[in-house]
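> attaching a predicted model along with its sequence, questions to come.
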There are 2 protein chains.
Amino acid sequence: MSDSLETPLSKVKRGPNRAQYDKKTALEIIDAALMCHVAQTKNGQAFVTPTCHWREGDYFYWHAHSKARNVKGPIDEPQKVCINISLLDGLVLARSAMHHSVNYRSVTLFGVPELIEDKDEKVRQFKIFLDKVSPGRWEQLRPINDNEVKATGLVRIKIEEASVKFRGEPPRDDPEDYNWPVWAGVVPLERQWGECQQDPKQNTVHDTPHSPNAF
Amino acid sequence: MSDSLETPLSKVKRGPNRAQYDKKTALEIIDAALMCHVAQTKNGQAFVTPTCHWREGDYFYWHAHSKARNVKGPIDEPQKVCINISLLDGLVLARSAMHHSVNYRSVTLFGVPELIEDKDEKVRQFKIFLDKVSPGRWEQLRPINDNEVKATGLVRIKIEEASVKFRGEPPRDDPEDYNWPVWAGVVPLERQWGECQQDPKQNTVHDTPHSPNAF
């Protein structure tokens, strides 16, 4: 069984030397990010919405208000959405403006969203999402109720049509520019979870939560 | 003259209480971010591409290879693109799963891209972009040449149709949940530029570059 995610739609035309279609790499990038951007059309107009996502196996999930465009739109008007997950990792400063770039990890997915309506499955998925955001927290919360489950729309696409683009290296300058007298290299972008800021409306002391392994 | 960016297309339908249309706020968020996501259609299929952007006055700019989809596509097939600029600022951990959220700053722009072909104007814009990425660096670089200018496609849209969404506060729980025995609050996401990593192919010592004020 092939683990390539390449299709005519997902094939990268521009900068193909940085493109790959390996599912394992795609899944790693998807899991390393909290946010994605979902693009869809309505009456021919493209819309893009940022949202948080999670994954189980070969399926990519997101949720929103049950009437929100990015869960209801593609169900009402069945279509392949295009989703990008990107992490900016650093600035690449070269000897010429032309060769400046960024280091990044990026996945672009295509698929027709499928609405998940089964209540138990919805709850199970919301727990998986919360375990990504704050491991171990679900069990500590006021339990979810039926109205909340109903008000939340849940969709997924199968991860089977996608491309990965990746850059993680020093600048690549024109050979004749390497002695140009300017600093060249990479300025890494660092992310970290800061100190937990307790809700001012909370008077009791509780254990602080676990931070996610994704950004 | 109004500074509202609201139009029928940019009006936010879902979560309108977090939406605003103030141009000044939109410009601040645009300037605070290095990356945006450009959504467009081709033959009815939505595509979304991450790219770096910059701004001058009321215009929002991006560039790419002159034949890249996100600069050439909307020129060949004139259409309003939809662009989102998002900065994730923190996790909002509530007492119930339902009220978990994220703090963020987000702008969604619409406009038909305009191709900039004048050579001098292209060079002037590339300098504005580089000044955003690394202030003062342009003058130190090997000067740009005509082939490089020609190979780079530059487009812009006027910032006149947009929405801003913003969240920057503690969780808002159901009144009866405030005493639920679990930590609640915000976990901020911190970003910083790390130590400059000099290109291994560079043997001379040069002053390290200035880091940008955007992430």
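Sure, I can see it.
> pLDDT-wise, which helix or strand of chain A ranks last?
helix A:69-76 (a mean of 84; mean pLDDT, DSSP states H and E).
> which element follows that helix toward the C-terminus?
Where DSSP states H and E defines the elements, the next helix or strand beyond helix A:69-76 is strand A:81-93.
> in chain A, which spans are helices?
When assigned using DSSP state H, the helices of chain A occupy the ranges A:23-32, A:69-76, A:119-133, A:146-151.
> can you list those in JSON lines and add mean neighbour count and distance to residue B:163?
Backbone N, C-alpha and C define where each C-beta goes, glycine included. Formatted as JSON lines, these follow (neighbours: other Cβ atoms under 10 Å in any protein chain shown; distance: least, Cβ to Cβ, whole Å):
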{"stretch": "helix A:23-32", "mean neighbour count": "17", "distance to residue B:163": "27"}
{"stretch": "helix A:69-76", "mean neighbour count": "19", "distance to residue B:163": "13"}
{"stretch": "helix A:119-133", "mean neighbour count": "16", "distance to residue B:163": "25"}
{"stretch": "helix A:146-151", "mean neighbour count": "13", "distance to residue B:163": "23"}
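> in CSV, list these along with distance to residue B:60.
Converted to CSV, these look like this (distance: least, Cβ to Cβ, whole Å):
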stretch, distance to residue B:60
helix A:23-32, 27
helix A:69-76, 22
helix A:119-133, 31
helix A:146-151, 35
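> low-scoring stretches of chain A, by residue?
A:1-2 (pLDDT under 70).
> circling back: which residues touch the least confident helix or strand of chain A?
Defining contact as Cβ atoms under 8 Å, 6 or more residues apart in numbering or on different chains, one finds that helix A:69-76 is touched by A:38, A:40, A:42, A:47, A:49, A:51, A:62-66, A:81, A:112-113, A:115, A:153-155, B:13-14.
> quick one, which of those are buried?
Neighbour counting over the contacts of helix A:69-76 (16 or more other Cβ atoms under 10 Å in any protein chain shown) leaves A:38, A:40, A:47, A:49, A:51, A:62-64, A:81, A:113, A:153-155, B:14 as the buried ones.
> show me what contacts residue A:77?
A:41, A:42.
> repeat that for 7 Å
Shown in contact with residue A:77 (Cβ atoms under 7 Å, 6 or more residues apart in numbering or on different chains): residue A:42.
> over to residue A:166?
Counting by Cβ under 7 Å, 6+ apart, residue A:166 has contacts A:18, A:105.
> and chain B, is stretch A:118-131 touching that?
Yes - residues of stretch A:118-131 contacting chain B under Cβ under 7 Å from any Cβ of the partner chain: A:126, A:130.
> all set now, cheers.
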